[in-house]
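S.K.: I need the structure of the sequence given here:
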Amino acid sequence: MEIGVVELSRLQFALTAMFHFLFVPLTIGLSVLVAIMETVYVMTNRPIWRQMTKFWGMLFGINFAIGVATGITMEFQFGMNWSYYSHYVGDIFGAPLALEGLMAFFMEATFVGLWFFGWEKLSKPAHLLVGWLVAIGTNFSALWILIANGWMQNPVGAAFNPMTMRMELTNFFDVVFNSVAQAKFVHTVSAGYVAGSMFVLGVSAWYLLRGRHVELARRSIAVAASFGLAASLSVVVLGDESGYDTGLNQKMKLAAIEAMWETEPAPASFTLFGIPDKEARETKYAIHIPYVMGIIGTRSLTEVIPGIEDLESEARARVRSGLIAYETLLTIRQDREATQPEVIQRFEQHSENLGYAFLLLRYVENPLDATDEQIAQAAEDTIPPVWPLFFAFRIMVGIGMLMIATTAFFFVFSSFRGARYPRWSLRLAVWMIPLPWIAIEAGWIVAEVGRQPWTVDGLLPTAMSVSNLSITEVLLTLTGFTVFYSILFIVEMGLMLKYIRKGPHEDVEMTQDWMRAHRARLTMPAE
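M.R.: Okay, the predicted model is just below:
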């Protein structure tokens with residue numbers, strides 16, 4: 001197998017996944033914000049809230065359509081570039097993807113159409129219900145995708161069948177209620193809420209700076225700041241849960257995020273800044289905060305977080321255990337009925353480490369012929385790229401803290417300062433629109449790069465998962481996807497900017513006249 005094919009296949013999937021994820025957070029966040037705005041409209045019957053709902057709903061619709069187009073192409077790659085992965089774990093991975101299509105995608109597609117074309121055909125409560133069903137469907141879609149991804153991070157509810165050489169589902173509910181999947185879902189969805197809130201806040205700030213659609217902008221900022229502050233705080237809390245699950249199930253990822261080369265006495269400190277050096281196995285210019293990493297990773301002051309070197313030594317032992325499993329697997333596959341019970345028992349004792357033996361396939365055709373040096377190299381391969389993980393995590397956390405401060409600032413001014421915002425804060429809000437996406441993409445790097453060298457953690461190496469393609473074939477599809485996604489990105493940005501500059505269809509002055517008339521009616525003496 002050519003290593004170039006593996007790297008290009010990973011690059012292609014990273015390109016499509018990260019590009020698709022530019023649209024997913026905004027879809028998730030705007031769907032709920034639009035539903036909240038319509039709820040206020042139905043409760044108050046004030047036209048300004050209908051105007052807000054329709055305007056932000058239009059931007060949601062543009063983003064939703066482009067997101068669907070980019071998501072569909074992603075699924076083609078499982079059969080095109082990752083056929084052995086699809087064969088090996090299709091029984092498990094296919095179930096949540098099928099449910100995502102049945103329960104979420106069809107639900108979204110149906111109710112999105114009803115929402116856009118049902119304004120004059122449905123009653124207000126019915127149209128509001130449709131809006132909330134769109135939001136629920138959007139969140140359901142994220143749920144099933146992240147259940148599938150969570151299983152890749154922590155493969156539970158499945159067992160390896162030595163006769164079919166495939167993983168098979170043993171307990172669907174273990175897959176659904178996988179702690180890693182649930183933590184990833186709530187953390188990712190909350191990040192989407194923050195992205196949607198910052199988008200609404202930034203666009204509204206732009207309107208205020210230009211003195212346009214002032215009533216819409218002030219109310220939109222109030223909603224976005226309140227919802228965004230709650231979402232930002234929940235991202236931190238739920239991120240802590242993800243960190244704890246990582247400490248339980250993916251110790252090497254946690255050590256790489258922290259660039260913790262050697263095991264520290266408990267509780268481990270958090271490295272605020274440093275420059276990891278893999279060759280020297282040290283982090284230069286490190287600034288430490290005592291106790292923090294130990295609390296995040298173990299929720300205790302006495303439990304030790306193992307360092308990279310200790311985990312690498314453990315990986316060497318697991319590679320050797322995997323070789324025992326591989327050898328007995330060959331015996332079982334020759335004749336299952338004639339296999340002695342003690343051979344089957346021996347395989348079951350070491351089967352959880354079989355994937356570690358597969359790491360040797362990068363260096364030798366038959367893992368049983370591996371030398372000590374090759375075993376050591378396979379163990380070293382279990383260390384994910386430390387430098388990008390270390391900095392991506394800190395970028396994500398730093399931007400998360402900034403989101404809390406920003407939404408809290410606008411929440412205070414919206415609630416207690418009469419919505420009179422300093423101009424510098426409005427300019428800052430506009431420039432901060434891209435930051436949630438940078439944080440989200442950094443978080444995705446932490447999740448996916450941190451799992452390397454595995455496609456399914458501890459079970460299936462990435463180098464084994466690819467299709468039998470040539471470099472030329474992968475380059476052609478990579479080029480095609482790059483061109484296609486670039487065109488979609490240009491279309492998305494063009495449409496979004498066009499309708500943001502244009503503003504809402506309804507006349508704001510009519511809304512203000514209605515407000516003045518409404519106040520006059522309230523102050524008229526009763527007959």
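
S.K.: show me the contacts for residue 180.
M.R.: By Cβ atoms under 8 Å, 6 or more residues apart in numbering, the contact list for residue 180 reads 150, 153, 154, 242, 245, 249. From N, CA and C alone the C-beta is placed, and that goes for glycine too.

S.K.: with adjacent residues omitted, what lies nearest to the last one?
M.R.: What that stands for is residue 249. residue 154 (4.5 Å; Cβ to Cβ, 6 or more residues apart in numbering).

S.K.: the longest helix seen in the chain: how far from the chain's middle?
M.R.: In the chain, with assignment by DSSP state H, the single longest helix is helix 214-249. Its chain's C-alpha centre and that of helix 214-249 lie 14 Å apart, by Cα atoms, centre = their mean, to the nearest Å.

S.K.: one more: stretch 78-98?
M.R.: In terms of Cα atoms, centre = their mean, the centre of stretch 78-98 is set 19 Å apart from its chain centre.

S.K.: buried stuff in the helix or strand where residue 407 lies?
M.R.: Mapping residue 407 onto the secondary structure by DSSP states H and E places it in helix 386-416. Neighbour counts over helix 386-416 (16 or more other Cβ atoms under 10 Å) mark 386, 388-397, 399-400, 403-404, 406-407, 409-411, 413-414 as buried.

S.K.: cool, stretch 173-187 as well?
M.R.: Counting neighbours by 16+ other Cβ under 10 Å, stretch 173-187 gives 175, 176, 178, 179, 180, 181, 182, 183, 184, 185, 186, 187 as buried.

S.K.: and for stretch 188-205?
M.R.: Residues of stretch 188-205 classed as buried: 188-205 (neighbour count, 16+ other Cβ under 10 Å).

S.K.: just stretch 226-239 next, same as before
M.R.: Using 16+ other Cβ under 10 Å as the burial criterion, the residues of stretch 226-239 that qualify are 226, 227, 228, 229, 230, 231, 232, 233, 234, 235, 238, 239.

S.K.: with respect to residue 96, which of those residues is nearest?
M.R.: Here the nearest of those to residue 96, counting by Cβ to Cβ, is residue 238; it sits at 20.0 Å.

S.K.: low-scoring stretches of the chain, by residue?
M.R.: Applying pLDDT under 70 to the predicted model, the residue ranges of the chain that meet it are 1-3, 336-339, 506-527.

S.K.: which residues of the stretch 151-300 of the chain fall in strands?
M.R.: Under the criterion DSSP state E, counting those that start in this stretch, the stretch 151-300 of the chain carries strands at the ranges 158-161, 166-169, 270-277, 282-289.

S.K.: would JSON lines of those strands with distance to residue 16 and mean neighbour count be doable?
M.R.: Formatted as JSON lines, the strands of the stretch 151-300 of the chain follow (distance: least, Cβ to Cβ, whole Å; neighbours: other Cβ atoms under 10 Å):
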{"stretch": "strand 158-161", "distance to residue 16": "26", "mean neighbour count": "16"}
{"stretch": "strand 166-169", "distance to residue 16": "24", "mean neighbour count": "17"}
{"stretch": "strand 270-277", "distance to residue 16": "28", "mean neighbour count": "17"}
{"stretch": "strand 282-289", "distance to residue 16": "33", "mean neighbour count": "13"}
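
S.K.: of all these, which lies closest to residue 441?
M.R.: When these are compared (using Cβ to Cβ), the closest one is strand 270-277, at 20.2 Å.

S.K.: helices along the stretch 351-500 of the chain, start to end?
M.R.: Here the stretch 351-500 of the chain has its helices, by DSSP state H, counting those that start in this stretch, at 354-358, 372-380, 386-416, 423-431, 435-449, 462-465, 471-502.

S.K.: most packed of those helices?
M.R.: Among these, helix 354-358 has the highest mean neighbour count (mean count of other Cβ atoms under 10 Å), at a mean of 24.

S.K.: mind giving me the packing neighbours of that helix?
M.R.: Taking 3 or more Cβ pairs under 8 Å, 6 or more residues apart in numbering; DSSP states H and E as the contact definition, the neighbouring helices and strands of helix 354-358 are helix 308-334, strand 460-461.

S.K.: could I get these as a markdown table with mean neighbour count?
M.R.: Rendered in a markdown table, the data for these read as follows (neighbours: other Cβ atoms under 10 Å):
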| stretch | mean neighbour count |
| --- | --- |
| helix 308-334 | 18 |
| strand 460-461 | 22 |
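
S.K.: any chance of these in CSV, plus distance to residue 367?
M.R.: Shown next, in CSV, are the helices and strands packed on helix 354-358 (distance: least, Cβ to Cβ, whole Å):
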stretch, distance to residue 367
helix 308-334, 5
strand 460-461, 11
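
S.K.: out of the ones you listed, which comes closest to residue 362?
M.R.: Using Cβ to Cβ as the criterion, the shortest distance between residue 362 and the helices and strands packed on helix 354-358 is 7.7 Å, found for strand 460-461.

S.K.: no further queries at this time; thank you.
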